Structure formats: C-alpha cells, structure tokens
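J.: whatever this is, show me its structure:
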Amino acid sequence: MKHCQSFFLILIFVLLGSTSALAQKNKIDQLEAQRLEIKNQIKQINNLLFKNKSKQKNQTSLIEDLNYKLGVRRNLIKVTNQQANLITREINSNQKQITALREELVILKENYAKTIQTAYKNKKSQNRVMFLLSSSNFRQAYKRLEYMNQYSKYQKQQGENIKEKALELQSLNLKLGQQKTDKDKLVAENKEVQKALEVDMKQHKTVMTAIKKDLKKYNAQIKAKQRAAREIDKEIDRIIKEAIVSSNKKAGKPTTTKTSKTFALTPEAKLLAADFLSNKGKLIWPVEKGLVKVKYGVQRHPTDASLTINSNGVRIATEENALVRAVFNGEVLKIIVQKRGNPTVLIKHGNYITAYHNLKKVSVKPGDKVVTRQEIGEVFTTSEGETLLWFSLYKNDKSVNPAEWVYKM
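T.: Residues are numbered from 1 along each chain as shown. Alright, predicted model coming up:
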C-alpha cells in the first residue's frame, strides 16, 4: 500500500512539473509575440510620426508624439524583462534537471557495470548448465531458467535506460545552450532600447522646457483645438438626433423621451444592425496603416497636467494621402462641411453610426450605399506633416469606444 502511495505521489509531482513547464513555455511564447508586436508598433511610430523631419512640427504635437513613443518603448522594456526573467527560471530549472540526470546516469552506469561483471563470471555455458542440472526438481530448474532469462532482459533494459538518459541529457544541454543564447540576445536588445529611450527622454525634456517658457501660448493653442473638437462633436450629436426623430416619424412612432434617443429600424436596418453587432471586435481599421495617438474617453493632456482631453472617439495617426475606408456596410447619412475645419462623413449601419473626421477629399455623397473597405475619402495633412483621422462610433445617440469594435485597436 505504501509503495502505491509513493508511486502516485511521484506521478502527481511529474504531472504538475510538466504542466508548470508547459504553462511557462506558453507564457514565454505569448511574451515573444507581444514583444514582436510592440517592436512593429515602434517601427510604425517612426514611419508615421517621425519620418518627415524636413517639416517642423509644432511643439504640442511633437510632445504628444514623444509621449506616445516613450510609453511604447517603456512597454517594450517591461515585456522583454519579463521574458528574460522567465527564460532565467527555465535555465535554472534545466540546470537542476541536468545535475539530477548526471547523478542518475552515474548510478545507472555503476549498476550496469556490476551486472556485466556478474554476467561475465557466469558466462561459460557449462556454468549455466551446471546451475540448471544442480536443481533438486524440475520446478526449481524451470524457475532458475526463468531467472536467467529475466536477468538477461534486465541487463538489456539497463543498457537502454543509459542510452535514453544520455540522449535526454544531450537534448537538455542543447536546449540550455539555446536558452542562454536567447536570453543574451534579449538583454542586448534591451540595452539598445534603453539607449533609444534615453535619447527620446532628452528630446522630450528639451521640448517641455521650451513649452513651459511660454505655457500660456501653447495652452491657448490646445484650448483652440479642444473647442474645434467640441464643435464637431456637437454637430455630429445634432445630426444623429435629427436622424433619430426622422426615423421615428417615418415609422409613425410618437416622439417621446425614450423614442427620441433610439432609431426606429426597418426590418432591413435591424438585420444590418445585428450584423454590425456580431462583428464587434472584428471591424476593419478605417485606414490601412495607422496607430491610435489619442484614445477614447477622458485623459490627461500630455503637455499640461491641469488640462484634460475628452475624446468621443480615437485619433489615428496615418501616412500622408491615406485613403479612408468604410469599416462596414451602410448608408452615408451626412457630409458635414464646416467653415473652420475639414469635412466629416457619417455612415449609418442600422442604429450604429461611424464618423470619419478631418478629411481632405470626400468621394461619397448622402444616401450612397457603401460596403466594407469602400473608399470614402482621403485624410487631411497639415503643413507640419501631421496626418490625423478622427474616428468615432455611436450606438443611437451615445458614443462608444471604437477600440472595443475595431480589430486589435
């Protein structure tokens, strides 16, 4: 009974050890995928935000871009450190395993040597025959023959065990060597990232010093941008409310507090809305290449901590002359053209609306049916080389976070 309990305890430890090793391997693989994604993000940041050095950005835009870049670099360092630490744990675990295997191999070889010596002494066939003939009865002779066969099998099994352990040891040594190489590579890469981070931090400090010298001027610029953003948000809000009232009138529904906030949908529009909802988290990006420079919601302004950004959508930095695409099938609800500012396209998808603001060109008109990936315009680029698409998403008259709807935003 005790032997059975010991066996099951060993089996449990082995299973737990292999499960833990597998979980650790999966975690390392996840971190590696994350690290490569962040490296690609840094590449995009350099291409989209810092490529055109001939055009001098204004200080507030530059500090926003630098803040973004610093955050991503710090994240890369953090993920790489986590990965290196996990590999270190694996290295330590494998080194312990190698030590245990070597000790086990020594014992196996010693035991095998003893069996070989014993076998050599009893090698002569006459000794084997005499051993059998000296049996007192047939049963004992049979048992002795069975013993000799089992002993021979045991010898062979010992030899196989030694081969297996030697191969396992060789495999672990190779794995250990690769892990050490991987770790050294990660440490070296992290040093390079740390150097780049220090360069960016110096530039960030220089720009912030310049801004603080004339903070009133820059705050005035920031507040002017925020007023423009509020104006477009207010206009989108007005158009959506008008569209809701219109849809309810067409459906013959009386205007109440409840109906004034939700679209009355035709059967076709209901199907479109359900289809749009089923694609939550899978919608395409409104531009082919881009990164989110300003997230959805209330956030602290990167230039002045006393100011906040209240974003009803996301601001996507993209390349110059970038084409804007409809993220899903729908109908163009309205083209907003303001005196101060660039055009905005609103597309209706049942009771969902997507808004594409800061366009240079518009290639659709109200009432047009559009399909996923259809070109609807081109993003505006400032004289300083900044190309930003403001993208918002609404359910009825309430804005929602586009990052929850667009794939890997």
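J.: what's the neighbour count on N111?
T.: Applying other Cβ atoms under 10 Å, we find 14 residues neighbouring N111. For glycine as for every other residue, the C-beta is placed from the backbone atoms N, C-alpha and C.
J.: helix or strand for it, which one?
T.: Following DSSP states H and E, the helix or strand that holds N111 is helix 59-121.
J.: how is this protein carved up into domains?
T.: 13-40+55-213, 231-404 (automatic domain parsing).
J.: mean neighbour count, those domains: which tops it?
T.: Relative to the other members of these, domain 231-404 carries the highest mean neighbour count by mean count of other Cβ atoms under 10 Å, namely a mean of 17.
J.: before we move on, the earlier item: and the domains of the chain, which one is worst for confidence?
T.: Considering the domains of the chain one by one, the lowest average pLDDT is found for domain 13-40+55-213, at a mean of 78.
J.: from V379, how far out is S247?
T.: S247 sits 30 Å away from V379, taking Cβ to Cβ, to the nearest Å as the criterion.
J.: and the closest residue to K295 other than its chain neighbours, what are its phi and psi?
T.: Counting by Cβ to Cβ, 6 or more residues apart in numbering, K295 lies nearest to V314, which is 6.1 Å off, once chain neighbours are set aside. Recorded main-chain torsions at V314 are phi -120, psi 150, according to degrees, to the nearest 10.
J.: thinking V314 is in contact with F391, fair?
T.: Yes: assessed by Cβ atoms under 8 Å, V314 is found in contact with F391 at 5.5 Å.
J.: find residues that contact each of these two.
T.: For the pair V314 and F391, residues contacting each of them under the criterion Cβ atoms under 8 Å, 6 or more residues apart in numbering are P402.
J.: S392: what secondary structure?
T.: The assignment at S392 comes out as strand when based on DSSP: H, G, I helix; E, B strand; the rest coil.
J.: if it is in a bridge, with which residues?
T.: Listed by DSSP bridges, the beta-bridge partners for S392 are G313, A355.
J.: from what I can see E384 touches L62, true?
T.: No: counting by Cβ under 8 Å, E384 does not reach L62; the two are 9.1 Å apart.
J.: remind me which helix or strand L186 belongs to.
T.: Secondary structure from DSSP H and E places L186 in helix 138-213.
J.: helices or strands up against that helix?
T.: helix 59-121, helix 125-133 (3 or more Cβ pairs under 8 Å, 6 or more residues apart in numbering; DSSP states H and E).
J.: to A210, which of these lies closest?
T.: Evaluated over the helices and strands packed on helix 138-213, closeness to A210 peaks at helix 59-121, with 6.0 Å, by Cβ to Cβ.
J.: so what's the residue count around K223?
T.: By the criterion of other Cβ under 10 Å, K223 has 11 neighbours.
J.: which non-adjacent residue is nearest it?
T.: L307 (7.8 Å).
J.: relative to Q226, how far out is the one you found?
T.: In this structure, L307 and Q226 are separated by 8 Å, where distance is defined by Cβ to Cβ.
J.: end to end, how far does stretch 47-63 reach?
T.: End-to-end distance for stretch 47-63: 17 Å, by Cα to Cα, to the nearest Å.
J.: heads up, I number from 77, so please use that
T.: All right, first residue 77 from here; so that's stretch 123-139.
J.: distance from the chain centre to that stretch, please.
T.: Relative to its chain's centre, stretch 123-139 lies at 27 Å (Cα atoms, centre = their mean, to the nearest Å).
J.: still on that earlier bit, chain center to the helix holding L262, what's the gap?
T.: Averaging C-alpha coordinates over helix 214-289 and over its chain gives two centres that are 25 Å apart (Cα atoms, centre = their mean).
J.: check contacts around Y372.
T.: Residues in contact with Y372, defined by Cβ under 8 Å, 6+ apart, are 387-390, 475, 477-479.
J.: nearest residue to it in space, please, no chain neighbours.
T.: With Cβ to Cβ, 6+ apart as the measure, N477 is the residue that lies nearest to Y372, at 4.3 Å, once sequence neighbours are left out.
J.: so who does that neighbour touch?
T.: Taking Cβ under 8 Å, 6+ apart as the contact definition, N477 lies against 372-373, 469.
J.: any idea which residue of this structure is furthest from its center?
T.: Among the C-alpha atoms of the chain, the one most distant from their mean position (Cα atoms, centre = their mean) is that of S212, at 77.1 Å.
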